[in-house]
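1. give me the fold of what follows.
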Amino acid sequence: MQASDIQTLFTGPSGAYLCARWARPIVPVVFGLEMETLAVVKGAVEAVVALAGHKMAETDPEMGANLMLFFFRDWDELLALPDLDRLADNLPDRVAQIKAAGANQYRLFRFEADGAIRACLSFVRIDDALAAQPADALALAQAVAMILTWGEGAFGPRGALAEVQGQAVLRPEVAAVIRAAYDPVLPGCARDATHALRLAARIAAAA
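-> Modelled structure (predicted):
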């Protein structure tokens, strides 16, 4: 990928560049899924974390779990979850804004003092479009979405995934960006777009 392509992946609607990765080991917990699908989601998270060269753990010493994935049918279900408003500030207002936007997904990141990812709350409303997706594709897409702070609409209509022999797989160029972003030489959080040049150089060197 060219540096300009990578810059687009981490640029938000305001034009600001942000590429942050996880600093601490990832500890996932999943709500709202049956056991069979739960295993698929956790397996996808493990695969993407391994791709990044990062680590998982059984528990986070401060939060217990630092990656929380919620699956549900209606956004209003979030308002009935006990103590969720302690994790997501202004929850009623957030839910109202998400509903108004017609979104089926929303992620809320928390950050360390240096800007690296500390925690992620991922909310997924299973609408007709998502319900039609195979479980492995939905799980892998969610795992990719939480591993870095991608910009809104980063992957365009193609998405981050491809299909090979009926199986959902991560597009090679997206996998390359994830691996490069987790190079320990690079900072845990970058807000300068020149960071994309450093990612591009690492991807080219690894090709």
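2. ok, which stretches of the chain are helices?
-> Assigned by DSSP state H, the chain shows helices spanning 3-9, 35-52, 84-87, 91-101, 128-131, 135-147, 172-181, 195-206.
3. list the buried ones in stretch 146-160?
-> Within stretch 146-160, the residues that qualify as buried by neighbour count (16 or more other CB atoms under 10 Å) are 146-151, 154-155, 160. (Glycine included, C-beta is placed from N, CA and C.)
4. for residue 19, give me its contacts.
-> Contact analysis of residue 19 by CB atoms under 8 Å, 6 or more residues apart in numbering lists 10, 148-149, 181, 189-190, 195-196, 199.
5. make it 7 Å
-> By CB atoms under 7 Å, 6 or more residues apart in numbering, residue 19 lies in contact with 10, 148-149, 181, 190, 195.
6. same question, residue 54
-> 22, 26, 182.
7. the last one against residue 23, yeah?
-> No - between residue 182 and residue 23 no contact is recorded; they are 10.8 Å apart, counting by CB atoms under 7 Å.
8. okay, and the beta partners of the residue nearest to residue 42 when sequence neighbours are not counted?
-> By the measure of CB to CB, 6 or more residues apart in numbering, the closest residue to residue 42 outside its immediate chain neighbours is residue 28, 6.2 Å from it. Beta-bridge partners recorded for residue 28 (DSSP bridges): residue 67.
9. burial of residue 28, as a residue count?
-> Counted with other CB atoms under 10 Å, residues neighbouring residue 28 total 21.
10. so it is in contact with residue 66, correct?
-> No - counting by CB under 7 Å, residue 28 does not reach residue 66; the two are 8.2 Å apart.
11. buried residues, the worst-scoring helix or strand of the chain on mean pLDDT. List them.
-> The weakest-scoring helix or strand in the chain, judged by mean pLDDT, DSSP states H and E, is helix 84-87 (a mean of 85). Within helix 84-87, the residues that count as buried by 16+ other CB under 10 Å are residue 84.
12. and residue 53, how many neighbours?
-> 11.
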